[in-house]
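Colleague: Turn this into a structure:
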Amino acid sequence: MSRQFTAETTYFLQEGRANLSQCLESAFSAALLHNIKKIVVFTAAGAGVRQAIEEFLSRERFSHIALVAVTFPVGKKFKGADDQLFEANIPEIERNLFKAHNVPIVRAHLPFDSVTAPWSHHGVLGQDLSLVGDALCMFGGSMSLCVQAVALACDAGEVGAGEHVIAITSDTAILAQAAPTATILCDLVIREILCKPAIFSVGRNENADQLPMQLGEAKAVTSEPQILLPSPPDPGSK
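Modeller: Residues are numbered from 1 along each chain as shown. Down below sits the predicted model:
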């Protein structure tokens, strides 16, 4: 039995929604390759799930794959371009589309979000996992969301504990072994990174043109994933 394999990883030169189409392509292609039956999509307003339904589930070879939508909890606030706070919500038109295609929506407190203390001088709970989320951001801002999406889908019973699924955001996709939040640090495993940003244009304001490695000139790798066979034994060895 081979002790290793190679698999393609796509690296984006920017973060964000501009990578969504390629991210979905990578996720669905990997699902076929690895016989994965479920793709968990972390979405703020439903765009990624809609595109997955319209452009991928409509193809016969992908029609057997089930989608699970995971989104931010009720009351989660974000600051817009005008510095005004707004709440992320999936519009009703998207919800109706999801329902028509049997796509459940999981909405709950994110495991890596801290619990706010009633008084500012109170300490942080010993079980707070926010630093785990910060550490995952070294792989890109969406890696933490992918991991949390898998855990929340498992918490909700939409994904089985130990089941292998693919989780995606707009610019990151992973193949993971699922686990609920309670055992996320013990049992959840990231098997493969299918795609991710190499340049953190949003989270760290990076620009590929400013980096000495000249990543912008890197050529895309188009080779198919392959199993590497062990080298034959040396006839002269014992």
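Colleague: now the helices for the protein?
Modeller: Taking DSSP state H, the helices of the chain run over residues 20-34, 47-52, 92-100, 130-136, 143-155, 184-187.
Colleague: Packed most tightly, which of those helices would that be?
Modeller: Ranked by mean neighbour count, those are led by helix 143-155 with a mean of 26 (mean count of other C-beta atoms under 10 Å). Bear in mind the C-beta positions are built from the backbone N, C-alpha and C, glycine included.
Colleague: Show me what that helix is in contact with.
Modeller: 40-42, 68, 70, 106, 108, 110-112, 132-134, 136-137, 159-161, 163, 165, 167-169, 172-174, 176, 178-181, 184, 188, 190, 196 (C-beta atoms under 8 Å, 6 or more residues apart in numbering).
Colleague: do that again at 6 Å, thanks
Modeller: 40, 42, 68, 70, 106, 108, 110-112, 133, 136-137, 159, 161, 167, 169, 172, 174, 176, 178, 180-181, 184 (C-beta atoms under 6 Å, 6 or more residues apart in numbering).
Colleague: what's around residue 42, how many residues?
Modeller: 28 (other C-beta atoms under 10 Å).
Colleague: Quick check, it in contact with residue 69.
Modeller: No. Assessed by C-beta atoms under 6 Å, residue 42 is found out of contact with residue 69, at 8.2 Å.
Colleague: who's in contact with the nearest residue to residue 169 once chain neighbours are set aside?
Modeller: In space, and not counting its chain neighbours, residue 169 is closest to residue 142: 3.8 Å by C-beta to C-beta, 6 or more residues apart in numbering. Residues in contact with residue 142 (C-beta under 6 Å, 6+ apart) are 169, 171-172.
Colleague: mind redoing it with 10 Å?
Modeller: Contacts for residue 142 (C-beta atoms under 10 Å, 6 or more residues apart in numbering) come out as 15-16, 19, 23, 42, 136, 149, 167-174, 196-197, 202-203.
Colleague: How about residue 186?
Modeller: residue 179 are the contacts of residue 186 under C-beta under 10 Å, 6+ apart.
Colleague: so where do the strands sit in the chain?
Modeller: Along the chain, counting by DSSP state E, strands occupy 5-6, 10-12, 38-42, 66-71, 77-79, 85-87, 105-107, 164-168, 173-177, 189-197, 226-227.
Colleague: looking at the helices of the chain, which is closest to residue 75?
Modeller: helix 143-155 (15.8 Å; C-beta to C-beta).
Colleague: For the closest one, list the C-alpha coordinates in CSV.
Modeller: Extracted as CSV, the C-alpha positions of helix 143-155 are listed here (Å, rounded to 0.1, in the frame of the first residue of the first chain):
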residue,chain,number,x,y,z
MET,A,143,-10.3,28.8,7.3
SER,A,144,-11.9,29.3,10.7
LEU,A,145,-15.3,29.6,9.2
CYS,A,146,-14.9,26.3,7.3
VAL,A,147,-13.9,24.5,10.5
GLN,A,148,-16.8,26.0,12.5
ALA,A,149,-19.2,25.2,9.7
VAL,A,150,-18.4,21.5,9.9
ALA,A,151,-18.8,21.5,13.7
LEU,A,152,-22.1,23.3,13.6
ALA,A,153,-23.4,21.1,10.9
CYS,A,154,-22.4,18.1,13.1
ASP,A,155,-24.1,19.7,16.1
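Colleague: The residue nearest to residue 189 when sequence neighbours are not counted and residue 146: what is the separation?
Modeller: Nearest residue to residue 189, sequence neighbours excluded (C-beta to C-beta, 6+ apart): residue 177, at 4.1 Å. Per C-beta to C-beta, to the nearest Å, residue 177 is found 13 Å from residue 146.
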